[in-house]
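Visitor: quick one, fold the following:
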Amino acid sequence: MTKELYSNGKLLLTAEYAILDGAKGLALPTKFGQSLKLETSNSKTFEWKSLNENGTIWFSAQFSKIELKTIHTSDTDISKRLAQILLEAKHLNPSFLSSKTEYNSVEAKLTFPRDWGLGSSSTLIANIAKWANVNPYRLLAATFGGSGYDIACAQHNTPILYRSNEYNPSVSEVNFQPKFSDQLYFVYLNKKKNSRDAINSYRNLDFDKTALVSKIDAITNKILQCKELKEFVTLLNTHEKILSETLKIPTVKETLFSDYSGTIKSLGAWGGDFVLVTGTASEMTYFRNKGYSTILPYKEMIL
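Guide: Residues are numbered from 1 along each chain as shown. Model (predicted):
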């Protein structure tokens, strides 16, 4: 018996950080994601393999059935974390992993490099939630935490508007297909950012959250109606300025690319993973010359 599940990766165009306080975020599911292949085997144990985008095993573990005690593993910390997620899913649905005929051989495979920050954790949570038939937002809250927009992206094949609301967020699919998308690129900064650390730092700031949410919501609404690149750029720059003042840290453009002619927008936790940049294909040479070789056109990244 075999079953395969799949969840999309994610990028957050607006409302990073502010989405934690209820701001409306424009989130973009990616063409990259993670699959979960489930099989029933004759093994008396529960087997797990995680593969990278090249099909190479980067993590493996063997657990006892039901209790999910680690028997063998390539990484103890990851093994403990995985067992915690599976046991939490079982807590939410006691029938999960309780049957003798239940799947006991699992292969998780990413279609993007793990350090890209497109949601190796969120796609895993979403897949396990589908498998266990539990609320993915509850599973996320009990494990990694966060706003949950990444879980929503995992389940939708089009851009979405997302507003958090504990375990029942507001999610609506939107028609966001900028006619200037040929002038939008995603540049990987090669600095994996720990989302939980970034969230904790944000939580410790003292500012008017209601005012921030109001400003960000207005920008998100305008971006959805945007027809011209010039207006889009103005809105992105305003968004960066507002967040920079709130976080009390400089924008990524000020820090790394102050002499670049186009606009640069952080996506998600500031200082790592991908940024959105405006420009032409030839202008991307600027980033390559600075050592940033992973550059994806909008249409190659976004569903």
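
Visitor: break this structure into its domains for me.
Guide: Here the domain parsing of the chain from automatic domain parsing is 2-173, 181-301.

Visitor: please enumerate the strands of this structure.
Guide: Assigned by DSSP state E, the chain shows strands spanning 2-12, 25-39, 45-51, 57-64, 70-73, 105-110, 160-163, 170-173, 184-188, 264-266, 274-278, 295-297.

Visitor: can you list those in a markdown table and add mean pLDDT?
Guide: What follows is those, written out as a markdown table (pLDDT from 0 to 100):
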| stretch | mean pLDDT |
| --- | --- |
| strand 2-12 | 97 |
| strand 25-39 | 98 |
| strand 45-51 | 97 |
| strand 57-64 | 97 |
| strand 70-73 | 98 |
| strand 105-110 | 98 |
| strand 160-163 | 98 |
| strand 170-173 | 98 |
| strand 184-188 | 97 |
| strand 264-266 | 97 |
| strand 274-278 | 97 |
| strand 295-297 | 98 |
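
Visitor: of all those strands, which lies closest to L87?
Guide: When those are compared by CB to CB, strand 57-64 sits nearest L87, at 10.2 Å. (Each C-beta comes from the backbone N, C-alpha and C, glycine too.)

Visitor: could you give the angle of that closest one to strand 105-110?
Guide: For strand 57-64 against strand 105-110, the angle by axes from the mean of the first three to the mean of the last three CA atoms, to 10 degrees is 150 degrees.

Visitor: name the residues of strand 57-64 that are buried.
Guide: Within strand 57-64, the residues that qualify as buried by neighbour count (16 or more other CB atoms under 10 Å) are F59, S60, A61, Q62, F63.

Visitor: CA atoms of that strand as CSV?
Guide: What follows is strand 57-64, C-alpha atoms only, in CSV (Å, rounded to 0.1, in the frame of the first residue of the first chain):
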residue,chain,number,x,y,z
ILE,A,57,19.5,11.0,1.8
TRP,A,58,20.4,13.8,4.3
PHE,A,59,18.6,12.3,7.3
SER,A,60,17.4,8.8,8.3
ALA,A,61,15.9,7.3,11.4
GLN,A,62,14.4,4.0,12.6
PHE,A,63,11.8,4.2,15.4
SER,A,64,9.9,1.8,17.5
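
Visitor: run through who's touching it.
Guide: Contact with strand 57-64 is made by 45-52, 69-75, 78-79, 82-83, 114, as judged by CB atoms under 8 Å, 6 or more residues apart in numbering.

Visitor: partners of it in the sheet?
Guide: Applying DSSP bridges to the sheet, strand 57-64 is found paired with strand 45-51 (antiparallel), strand 70-73 (antiparallel).

Visitor: among the domains of the chain, which is the most enclosed?
Guide: domain 2-173 (a mean of 19; mean count of other CB atoms under 10 Å).

Visitor: one step back: and the buried residues of strand 57-64 as CSV, adding distance to D206?
Guide: Putting those into CSV (distance: CB to CB, whole Å) gives the following:
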residue, distance to D206
F59, 40
S60, 45
A61, 42
Q62, 48
F63, 44
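
Visitor: about what we covered before: could I get the strands of the chain as CSV with distance to I249?
Guide: Output for the strands of the chain, formatted as CSV (distance: least, CB to CB, whole Å):
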stretch, distance to I249
strand 2-12, 17
strand 25-39, 20
strand 45-51, 33
strand 57-64, 32
strand 70-73, 37
strand 105-110, 30
strand 160-163, 24
strand 170-173, 29
strand 184-188, 19
strand 264-266, 10
strand 274-278, 14
strand 295-297, 24
